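>>> I'd like to go over a predicted model; first the sequence, then the structure.
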Amino acid sequence: MADVNNNAENESKKGVDFIRQIINEDLKTGKGTQQVQTRFPPEPNGYLHIGHAKSICLNFGIAEEYKGVCKLRFDDTNPSREEQEYVDSIVEDVRWLGFNTDEKIYFASDYFDQLYAWALELIQSGKAYVDSQSAEEIRTMRGTPTKPGTDSPYRNRSVEENLELFDKMRKGELDEGTCILRAKIDMAHLNMNMRDPAMYRIRKASHHRTGDKWNIYPMYDFAHGYEDAIEGITHSICTLEFENHRPLYNWFLENVAVPCHPRQIEFARLNLSYTVMSKRKLLELVKENYVSDWDDPRMPSISGFRRRGYTPASIRRFCSEIGISKVNSLVDINFLQFIIREELNSSAERAMAVLDPLKVVITNYPEGQSEELEAENNPANPDAGTRMVPFGREIYIEQNDFMEDAPKKFFRLAPGREVRLKHAYFITCDEVIKDADGNVTELHCSYDPATRGGDSPDGRKVKGTLHWVSAEKAVKAEVRLYDKLFSLENMDEMEEGKDYKDYLNPESLIVKESMVEPSLAACEAGKSFQFLRQGYFIADVRDHSAQHPVFNRTVALKDSWAKLQKK
RNA sequence: UUGGACGUCGGCAAGCGGUAAGCCACCGGGUUUUGAUCCCGGCAUUCGCAGGUUCGAUCCCUGCCGUCCAAGCCA
């Protein structure tokens, strides 16, 4: 007996979404002694993006909660645009997210024989026919949303003739485009999808799994419900644009003898602010080198987020917290950033990196002397321990941590002002050195030896604490600051006549030649850090090495000073 | 224009006839060796609009308005 209460534990106090409500209802009304089965059916013609993650989390999440099964199935019914590279990347991404880790993988192409048999069954019962009109003719004959279509002159061919023609299609005796197999439904139907939809088309392309076995390939509408039925799917969850296809989904299942009749449920796909989610556009960005590859950290692809430093848990949490509904919506990218910040705040070790170095000479620090100072790795987690950071007479601080004419509200370094160097000493700025053009090139400061570690024995306070690195011991590193890929919040609201590429953000990637504390050079690729006062960064999986450290900014820290400045 | 779907705070989103959850964002204030984190407080007398049913409506009914989807041999 299906345990309806399973779900209650998993979803705590928050009301369950409408899909889980439907499933609960189905289970209760007893259609439901079966086990809940869902599926995630990507077409292997592109990389997965965060929108797919929403669907993956939904489908696999439901299976987990109801102690059911979710199948990863490739909907590979169109050989002309599908490739093995994509199936590999999709499997990798799904597993990286934490799903389907030891499950079998399914392919629609494994069902081609059964699909073909059902097509024959429909022909035999007079519910399908071979149409010999051209694509152009079929289009005009289909009518419009307001005008009914017209029956094809080939609509009433005999069963025998249809069988014979369909067989020729299969054997490759007919050319692409000369004819198709159509379902015989209703050319005047108000739902255009029901006006004798195509079931099979001739495609003499080699399929990435079936090779040259077939010359005909099934269409989505014909195939999908059958794929679901073969696998015993109970709830076939898809996105809103398939709502108009549901009557057709049901029609195919009702007109041959199938093992079961899954229920199709539609939900709204994810849209994220400041980015695009269409596979076509993402592919174009890759092909035309607007980004380095599918896993460019600016891409909303799962591999892009992974390389950017997002964790599987953060993406899963995001998908769960945005909820499921039928409302077309645009989720604020800010929300995703909030979630990854929150996770990394407790998990990432702290380190110091100076992105735009400004040299500081501590004039009263003995020449030739240096020392190691203890620094905590994570104030949010004492178990993370401490590390030693080298300090010396010359250090680098951030250029924007110094201001010559500083306003009252500026808590950082300025002539005559005292600040704390994190984990080190209080220093006071005595002298500003400039080049011929008047640019500040160096600062002369003095330190208070009594403040070692960062505390003053006399109890005096400083307003600001700066991060820094030892000029002598610091290591050069490439730091890549990523920002939003596009400048428009809602990419569905582009101005007339503009292309999405017109909105590419020219500052989506800024590379800094930075100075980082030595411990960072030794770290392994893929490790995340918080660079104090800057943000969260991950050692790049592709390019980082001890000889050439490379860090990608996952997300910046919140910055109330920057916000104040804008006012 | 026809059919379908959807309209609850700036963004997500609960609510399922008994008098508007939560999260993000935002705005204050406190703590802080990260202007981070953390903590406290504020943030829809109103649910697209207009009528109706009801003791009572965001929830039911009618009409209107708005948005999205649909005329691939794509999925």
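Sure thing, it's come through. The shown structure was predicted, so the numbers you read here are calculated from the model rather than taken from an experiment. Numbers count the residues shown, from 1 in each chain, chains lettered A, B, ... in the order given.

>>> Tell me how many other residues surround residue A:527.
For residue A:527, the count of nearby residues is 16 (other CB atoms under 10 Å). The way it works is simple: take the backbone N, C-alpha and C, and place the C-beta from them, glycine included.

>>> Backbone dihedrals for it, both of them.
When read as degrees, to the nearest 10, the backbone of residue A:527 gives phi -90, psi 140.

>>> so it touches residue A:539, yeah?
Yes - using CB atoms under 8 Å, residue A:527 is in contact with residue A:539, at 5.2 Å.

>>> which residues touch the residue lying closest to residue A:448 once chain neighbours are set aside?
Closest residue to residue A:448 apart from its sequence neighbours, by CB to CB, 6 or more residues apart in numbering: residue A:426 at 4.8 Å. Residues in contact with residue A:426 (CB atoms under 8 Å, 6 or more residues apart in numbering) are A:418, A:419, A:420, A:447, A:448, A:451, A:454, A:456, A:462.

>>> is residue A:426 in a bridge, and if so with what?
When assigned by DSSP bridges, residue A:426 has beta-bridge partners residue A:420.

>>> Just the pLDDT at it, thanks.
The predicted local distance difference test score for residue A:426 is 98.

>>> Then residue A:333?
You'll see residue A:333 listed with a pLDDT of 97.

>>> What count of nearby residues applies to it?
18.

>>> How about residue A:120?
Neighbours of residue A:120 (other CB under 10 Å): 18.

>>> who touches it in this structure?
Each residue near residue A:120 by CB under 8 Å, 6+ apart is listed here: A:163, A:166.

>>> is it fair to say it lies in a helix?
Yes - counting by DSSP: H, G, I helix; E, B strand; the rest coil, residue A:120 is found in a helix.

>>> Relative to residue A:218, how far out is it?
According to CB to CB, to the nearest Å, residue A:120 and residue A:218 sit 12 Å apart.

>>> Would you enumerate the residues in contact with the residue of the stretch 351-500 of chain A found nearest RNA strand B?
Closest approach between the stretch 351-500 of chain A and RNA strand B, counting by CB to the nearest atom of the strand: residue A:454, at 2.0 Å. Counting by CB under 8 Å, 6+ apart, residue A:454 makes contact with A:420, A:421, A:422, A:423, A:424, A:425, A:426, A:465.

>>> number of nearby residues for the nearest residue to the second one once chain neighbours are set aside?
In this case it means residue A:421. Once flanking residues are discounted, residue A:421 sits nearest to residue A:468: 5.0 Å by CB to CB, 6+ apart. Neighbourhood size, residue A:468 [other CB under 10 Å]: 26.

>>> quick one, phi psi at residue A:468?
Backbone dihedrals for residue A:468, given as degrees, to the nearest 10, come out at phi -160, psi 170.

>>> I'd assumed residue A:357 was in contact with it.
No - using CB under 8 Å, residue A:468 makes no contact with residue A:357, being 9.6 Å away.

>>> need the residues of the stretch 301-450 of chain A near RNA strand B, please.
Applying CB under 7 Å from any atom of the strand, we find that the stretch 301-450 of chain A lies next to RNA strand B at A:321-332, A:334-335, A:338, A:341-342, A:345, A:350, A:378-380, A:409-412, A:420, A:422-423.

>>> from these, which ones fall inside helices?
Within those, residues falling in helices by DSSP state H are A:321, A:322, A:334, A:335, A:338, A:341, A:342, A:345.

>>> farthest-separated two in those?
Pairwise distances across these (CB to CB) peak at 20.6 Å, for the pair A:322 and A:345.

>>> just to revisit the earlier point, between residue A:468 and residue A:357, which contacts overlap?
Common neighbours of residue A:468 and residue A:357, using CB under 8 Å, 6+ apart, are A:396, A:397.

>>> Let me have the ones in helices among the residues of the stretch 301-450 of chain A next to RNA strand B in TSV, extended by neighbour count and distance to residue A:403.
Output for these, formatted as TSV (neighbours: other CB atoms under 10 Å; distance: CB to CB, whole Å):
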residue	neighbour count	distance to residue A:403
A:321	13	40
A:322	18	41
A:334	11	29
A:335	13	34
A:338	16	30
A:341	19	27
A:342	12	31
A:345	15	28
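
>>> Quick check: of these, which lies closest to residue A:255?
Closest to residue A:255, out of all of those and judged by CB to CB, is residue A:322, at 37.8 Å.

>>> Excluding covalently adjacent residues, which one is nearest to the closest one?
Closest residue to residue A:322 apart from its sequence neighbours, by CB to CB, 6+ apart: residue A:331 at 5.3 Å.

>>> now do residue A:350
Counting by CB to CB, 6+ apart, the residue nearest residue A:350 is residue A:530, at 5.0 Å.

>>> Could you find the closest non-adjacent residue to residue A:449?
In space, and not counting its chain neighbours, residue A:449 is closest to residue A:425: 7.2 Å by CB to CB, 6+ apart.

>>> which residues touch that neighbour?
A:391, A:447, A:448, A:449, A:451, A:452, A:454.

>>> ranking those residues by neighbours, who comes first?
Neighbour tally across the contacts of residue A:425 (other CB under 10 Å): the maximum, 24 neighbours, falls on residue A:391.

>>> Is that residue located within a strand, as I assumed?
Yes - when three-state DSSP is applied, residue A:391 is found to be in a strand.

>>> So for it, what's the pLDDT?
At residue A:391, pLDDT is 98.

>>> who's in contact with residue A:51?
Contacts of residue A:51 by CB under 8 Å, 6+ apart are A:269, A:270, A:271, A:272, A:277, A:300.

>>> let's see 10 Å
For residue A:51, the contact set (CB atoms under 10 Å, 6 or more residues apart in numbering) comprises A:239, A:269, A:270, A:271, A:272, A:277, A:278, A:279, A:300, A:301, A:302, A:319.

>>> element containing it?
Counting by DSSP states H and E, the element that carries residue A:51 is helix A:50-65.

>>> If we go by neighbour counts, what in that helix is buried?
Buried residues in helix A:50-65, defined by neighbour count with 16 or more other CB atoms under 10 Å: A:50-63, A:65.

>>> got the CA coordinates for that helix in CSV?
Output of helix A:50-65 as CSV, limited to C-alpha atoms (Å, rounded to 0.1, in the frame of the first residue of the first chain):
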residue,chain,number,x,y,z
ILE,A,50,19.7,25.6,-14.0
GLY,A,51,16.2,25.4,-15.4
HIS,A,52,16.8,21.7,-16.0
ALA,A,53,18.0,21.5,-12.4
LYS,A,54,14.6,22.6,-11.3
SER,A,55,13.0,19.7,-13.2
ILE,A,56,15.6,17.2,-12.0
CYS,A,57,15.1,18.2,-8.4
LEU,A,58,11.3,18.0,-8.8
ASN,A,59,11.3,14.6,-10.5
PHE,A,60,14.0,12.9,-8.5
GLY,A,61,12.9,14.7,-5.3
ILE,A,62,9.4,13.4,-5.6
ALA,A,63,10.7,9.8,-6.3
GLU,A,64,12.8,10.0,-3.1
GLU,A,65,10.0,11.4,-1.0
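
>>> so how far is that helix from its chain's centroid?
Mean-position distance between helix A:50-65 and its chain equals 13 Å (CA atoms, centre = their mean, to the nearest Å).

>>> what does stretch A:464-481 give?
Relative to its parent chain, stretch A:464-481 has a centroid offset of 31 Å by CA atoms, centre = their mean.

>>> pretty sure residue A:72 contacts residue A:44?
No - in this structure, residue A:72 is not within contact of residue A:44 by CB atoms under 10 Å, at 11.1 Å.

>>> and the residue nearest to residue A:97 when sequence neighbours are not counted, how many neighbours?
Once flanking residues are discounted, residue A:97 sits nearest to residue A:312: 5.0 Å by CB to CB, 6+ apart. Other residues lying near residue A:312 total 17 when counted by other CB under 10 Å.
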